[in-house]
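In: what follows is a protein structure lacking sequence information:
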């Protein structure tokens, strides 16, 4: 009998080696990671002796989020039908909980929990007790279970996912149900890791970071939209979690006047840029010195047309600017340089032109006789040209030798006999 036992062990060892090689032959070679899988075989001298299989490769997936400890709804679910090896794969968790669970959690009356630690990788199949909590007794009913740690190479061959398979038996009483740890899902989202406003979620057989439904005050503050008051348009950057995590094609946005706004991808996967050109406004609010673009954007779902978010915004632009031409005048006799300096948000430019004000003179230094006629033009290069025109309110000539300003135009009035002002279009528009 001793010799027979040794022969059976040797034969089993040979079968296991061949089976393991066959199962992993189509995978990417892994030099840095090695793990000997333990197979479950039938008892010697029985018809099942040659039935060897790896539970890491032979299991039934349970995608049931209601098994999570966060499920509080009273539903009488029961596991009196389960029998075999299972892998938990859902938002509710991927492992059995290792602590006593309050009654009426996980969509059942008496939740089942694992009374013992999960095995480490390489420990093979271990036996554990599963307890059911009922009438203030954390182990009112007991069941036997087998557990094994496994590796899943399908997503990240160089950094495989750790998961567990469980051999579960049907419950003899109802309502009892195996309960999973909601927090165990975080390890499934590593590239990239989820942000604080997201959770690792299992949808359509894939793990990904999805927006949570509720946020605390600090998280809401981190989701504040970013407003950019640009020279040619207004841009609002919004986190997708404020928009229900919907894709661009699932969203519509509009101003209070009904005009739609463009929604574009942001600089990262979790942001959206809302582009608002100036002609989207009927007319900005104006004061003596400023123009204010103020409105509310309403975002809706294209499917349900329900309101997801409303954002109030306003951008203020000054109406007076000081600018300088990029080039200077250099008279042949008297070296005067005319310049005007300043700053602003609209892009206003100034330059020297021909007598028709069509062709700019782009030379860095312009040399011309002292008595020459000079044509100067200021224009709004970037800004709300639909509502505003540009005029010269004040214009000075400045010598680079003596810091003295020579007024040519003051308060829109010519200060010299040889200075002639030409107004912009005759259309009634507010003038800068």
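Out: Sure, I can see it. This one's a predicted model, so the numbers in the text were calculated from it and none came from an experiment.
In: wait, residue 311 touches residue 297, no?
Out: Yes. Here residue 311 reaches residue 297: they are 4.9 Å apart, a contact under CB atoms under 8 Å. To be clear about C-beta, it is placed using only N, CA and C from the backbone, and glycine gets the same treatment.
In: these two: who's more crowded?
Out: Comparing residue 311 with residue 297 by other CB atoms under 10 Å, the one with more neighbours is residue 297, at 20 against 17.
In: list the residues that contact both of residue 311 and residue 297?
Out: Counting by CB atoms under 8 Å, 6 or more residues apart in numbering, the contacts common to residue 311 and residue 297 are residue 236.
In: from residue 187, how far off is the spatially most central residue of the chain?
Out: In the chain, the centroid-proximal residue (CA atoms, centre = their mean) is residue 270; its distance is 1.3 Å. Distance, residue 270 to residue 187, by CB to CB, to the nearest Å: 20 Å.
In: what's the answer for residue 60, then?
Out: For residue 60, the distance to residue 187 equals 21 Å [CB to CB].
In: these two: which is more packed in?
Out: A count of neighbours by other CB under 10 Å puts residue 187 above the other of residue 60 and residue 187, at 15 against 12.
In: excluding its backbone neighbours, what's nearest that one?
Out: Nearest non-adjacent residue to residue 187, counting by CB to CB, 6 or more residues apart in numbering: residue 162, 7.1 Å away.
In: before we move on, what about residue 69?
Out: In this structure, residue 69 finds its nearest non-sequential neighbour in residue 182, 5.1 Å apart by CB to CB, 6+ apart.
In: now stretch 119-137, how far from the centre of its chain.
Out: 38 Å (CA atoms, centre = their mean, to the nearest Å).
In: span of that stretch from start to end?
Out: Using CA to CA, to the nearest Å, one end of stretch 119-137 lies 25 Å from the other.
In: tell me the buried residues in stretch 69-83?
Out: Neighbour counts over stretch 69-83 (16 or more other CB atoms under 10 Å) mark 69, 71, 77, 78, 79, 82 as buried.
In: surely the last one is within a helix?
Out: No. Counting by DSSP: H, G, I helix; E, B strand; the rest coil, residue 82 is not part of a helix but coil.
In: and it, how close does it get to residue 385?
Out: Distance from residue 82 to residue 385, by CB to CB: 71 Å.
In: now, the most widely separated pair of the buried residues of stretch 69-83?
Out: Farthest pair in those (CB to CB) is 69 and 82. Separation: 18.6 Å.
In: and the helices in the stretch 151-300 of the chain, which stretches?
Out: Along the stretch 151-300 of the chain, counting by DSSP state H, counting those that start in this stretch, helices occupy 217-222.
In: shaky segments in it?
Out: For the stretch 151-300 of the chain, applying pLDDT under 70 flags no range at all.
In: name the SS class of the nearest residue to residue 60 once chain neighbours are set aside, please.
Out: Leaving aside its chain neighbours, residue 60 sits nearest to residue 86 (5.3 Å; criterion: CB to CB, 6+ apart). Secondary structure, three-state DSSP: residue 86 is strand.
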